[in-house]
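>>> structure, please.
(2 chains)
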Amino acid sequence: MSIEVKGINKRFGDFVALDNVDVSIPTGRLTALLGPSGGGKSTLLRIIAGLETTDSGSIAIGGVEATRLPAQKRNVGFVFQHYAAFKHMSVAKNVAFGLEIRKRPKDEIRARVDEMLDLVHLRQFAHRLPSQLSGGQRQRMALARALAIEPNVLLLDEPFGALDAKVRKELRDWLRRLHDEVHVTTVFVTHDQEEALEVADEIVVINEGRVEQIGSPDELYDTPANDFVMSFLGPTTRLDGQLVRPHDVEVTTAHSPGSIPGTVRRALRVGFEVRVTVLTDGGESVVATMTRATARGLDLGEGSRVWLRSDCLAPDVPEPLAG
Amino acid sequence: MVAYLFLLVAWPVSLVAINTFADGPGVLLGVLADPDIIVALRLTVVVALVAVLVNTVFGVGVSLLLVRYEFPGKRVLSALIDLPLSVSPVVVGLALVLVYGGRSGWFGPALEGAGVQVIFATPGIILATAFVALPLVIREVVPVLEEIGTEQEQAARSLGAGAVQTFRRITLPAIKWGVVYGVVLSLARSLGEFGAVKVVSGNISGSTRTATLVVEEQYLNFNQPGAYAVAFLLAMVSVACIVVVAAIRPRGNR
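Coordinates of the predicted model:
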């Protein structure tokens, strides 16, 4: 179901967490709320879930006004960064909780719990306590628990934030596949741009309590609305005062029209790419990345004379007369 | 450390047991045959159970209030809760007489008019006992509540549980051992209360005299074996409480 957020304001004392936020989240998509820590994205998610109140504005879930509805009546699945496992209950009991609250018949609950545990590959751990599971398993249990109630929307607050890099990556891929299977409208909060770009259908960039841009990963990466979005969604450098991606900076050893002369200060190889720092004659420090082969072909070393240009810059730079 | 505990706690308490049985079990049996002492023991148990019940319900409620809610005067309330530990029980007793005393108390005559006698009767003893044991449940439960945090409760809410269901199914099981420990401490404290009870009870043999007052009375009347016997019973109940908790409490779980 869709989520409509209109004119949400939230303050914590003097701190403005959300400043007149409007977001519309379409049905069945996987949407990321992306932004730096303390930018208000978790607060927005908690307001959608009813775990936090708004100062003003409104929320509708699936077209139903939910602003004043308490959390337990919103039928949302919520997954916490630190799992929020019910420590005194077995995995199966955790997953059954929402269904028992809804007083579903016993055999229906059993069938649904089995189905959910199969979905998250935890069937063989049904009778364990959460403390006997790894972090990744606990988070999968929390996801099964949230999905068991057939929520209108699934909300995940930094769901992989507490896991180590490898498990994080696995679970990220798995969440994407799970969403393709289950199709429930899903919103997840992350401060990791790679995670958002890789998993989400749509990204909402939030910074200092405001929405900076909403769009698909490609739109955000290719046509960022402003410098903040551009610098948050990947590496950037400044060339002739303009923000560009380091891999868009073209390095040549011969002068060409519109290029900027400079001297290589540093050439650093990182894995499959070479990161070259160039000090332009204008005194600007520019970072360019290229493949090893390109770097070798140019025979770049400290002190080499180079010319820099970027396709992104081309329209803005007046073409000098040929010569 | 071991010597300190031995000299201060273990040795004196075990001497009570040794003295009780110095002349065989006859003294203990004799004490248990005295109807006034039976009344005193029964009164002590009833008072302790009611006081513990009141303090448990009140204590868990106040703990939730202190940990989960922000309100003006929170620090004052928190400090006030420690008051019973710092004020001498005798003072507590006198204070209760000032408020609930049947003749000149602030509130007492009105209650007496309604047919409720507090001071020199069982309600007064319960009040005094509850007062002195009041902080024990709270001081055990508050740290546990702070440690478990609010995420489990929020998860339960988002899964559709109301406030009562969340408390019963999530919060209470999580703080269970804190509550149990608080109850045991309260029970031990309530059984053993002397000063406050002495002031408010009137110490009427066979009516408002509790077990601790029997110990004093027997001792002052040069009936040391009798005093030791009742003291032994009191000590046994307290030791039993602590042993039972240590036995049923899962390891590493608090």
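>>> what helix or strand is the most centrally placed residue in chain A on?
Centroid-nearest residue in chain A, with CA atoms, centre = their mean: A:A196, separated by 2.8 Å. Assigned by DSSP states H and E, A:A196 belongs to helix A:193-199.
>>> can you list contacts of whatever helix or strand comes next after that helix?
On the C-terminal side of helix A:193-199, the closest following helix or strand by DSSP H and E is strand A:202-207. Outside strand A:202-207, the residues within contact range by CB atoms under 8 Å, 6 or more residues apart in numbering or on different chains are A:21, A:23, A:25-26, A:29-36, A:39-41, A:44, A:196-197, A:211-217, A:220, A:228-229, A:232-233. To be clear about C-beta, it is placed using only N, CA and C from the backbone, and glycine gets the same treatment.
>>> those residues of chain A touching chain B, which are they?
With CB under 8 Å from any CB of the partner chain as the criterion, chain A meets chain B at residues A:49-51, A:70-78, A:80, A:82, A:84-88, A:97-98, A:101-102, A:142, A:145-146, A:149.
>>> from these, keep the buried residues only.
The neighbour-count criterion (16 or more other CB atoms under 10 Å in any protein chain shown) marks A:49-51, A:71-72, A:74-78, A:80, A:84-88, A:97-98, A:101, A:142, A:145-146, A:149 among the residues of chain A next to chain B as buried.
>>> chain A contacts on chain B?
Checking chain B against chain A by CB under 8 Å from any CB, the hits are B:151-152, B:154-162, B:165, B:169-170, B:173-174.
>>> go again using 6 Å as the cut-off
By CB under 6 Å from any CB of the partner chain, the residues of chain B that approach chain A are B:E151, B:Q152, B:Q154, B:A155, B:R157, B:S158, B:L159, B:G160, B:A161, B:G162, B:P173.
>>> and the third one, how far from A:S24?
For B:Q154, the distance to A:S24 under the criterion CB to CB, to the nearest Å works out to 26 Å.
>>> repeat that for the second one.
Using CB to CB, B:Q152 is found at 32 Å from A:S24.
>>> tell me which of the two has more neighbours.
Ranked by neighbour count (other CB atoms under 10 Å in any protein chain shown), B:Q152 and A:S24 place B:Q152 first, with 21 against 13.
>>> just checking, what packs against the longest helix seen in chain B?
Longest helix in chain B by number of residues, with DSSP state H as the criterion: helix B:35-68. With contacts taken as 3 or more CB pairs under 6 Å, 6 or more residues apart in numbering or on different chains; DSSP states H and E, helix B:35-68 sits against helix B:122-148, helix B:172-192, helix B:211-220.
>>> tell me, which of those helices is the model least confident about?
When these are compared by mean pLDDT, helix B:211-220 comes last with a mean of 87.
>>> buried set for it?
So, applying 16+ other CB under 10 Å, buried residues of helix B:211-220: B:A211, B:T212, B:L213, B:V214, B:V215, B:E216, B:E217, B:Q218.
>>> where does B:P109 fall, phi/psi-wise?
Torsion angles at B:P109 (phi, psi; degrees, to the nearest 10) stand at phi -60, psi -40.
>>> one more: A:E250?
Per degrees, to the nearest 10, the backbone of A:E250 is at phi -100, psi 130.
>>> does it touch A:W307 like I think?
No - using CB atoms under 6 Å, A:E250 makes no contact with A:W307, being 8.7 Å away.
>>> which SSE is immediately downstream of whichever strand or helix holds A:R140?
Element membership of A:R140 [criterion: DSSP H and E] is helix A:135-148. Heading C-terminal from helix A:135-148, the first helix or strand you meet, by DSSP H and E, is strand A:153-157.
>>> list the contacts of that following strand.
A:42, A:45, A:49, A:76-81, A:184-189 (CB atoms under 6 Å, 6 or more residues apart in numbering or on different chains).
>>> nearest spatial neighbour of residue 60, chain-adjacent residues omitted?
You didn't pick a chain, so chain A it is. A:E4 (4.3 Å; CB to CB, 6 or more residues apart in numbering or on different chains).
>>> think we crossed wires, I meant chain B
B:V141 (6.0 Å).
>>> for the one you found, what are its contacts?
B:V60, B:S63, B:I175, B:G178, B:V179, B:G182.
>>> how much space between B:T171 and chain A?
Distance of B:T171 to chain A, computed by CB to the nearest CB, to the nearest Å: 11 Å.
>>> how many residues are close by B:T56?
Using other CB under 10 Å: B:T56 sits among 19 other residues.
>>> same deal with B:S86?
Residues lying near B:S86 (other CB under 10 Å) number 8.
>>> same question, B:V243
10.
>>> and what of B:L28?
With other CB under 10 Å as criterion, B:L28 counts 19.
>>> same question, A:R123
15.
>>> what's the closest non-adjacent residue to it?
A:L117 (4.5 Å).
>>> just how off-centre is the longest helix belonging to chain A within its chain?
Longest helix in chain A by number of residues (criterion: DSSP H): helix A:165-182. Relative to its chain's centre, helix A:165-182 lies at 13 Å (CA atoms, centre = their mean, to the nearest Å).
>>> the following helix or strand past it to strand A:202-207, inter-axis angle?
Under the assignment DSSP H and E, the closest C-terminal helix or strand after helix A:165-182 is strand A:185-190. With axes from the mean of the first three to the mean of the last three CA atoms, to 10 degrees as the basis, strand A:185-190 and strand A:202-207 are set at 40 degrees to each other.
>>> got the domain boundaries for chain A?
Taking automatic domain parsing as the criterion, chain A consists of the domains A:3-231, A:238-316.
>>> least reliable of those going by mean pLDDT?
Among the domains of chain A, domain A:238-316 scores lowest, with a mean of 85.
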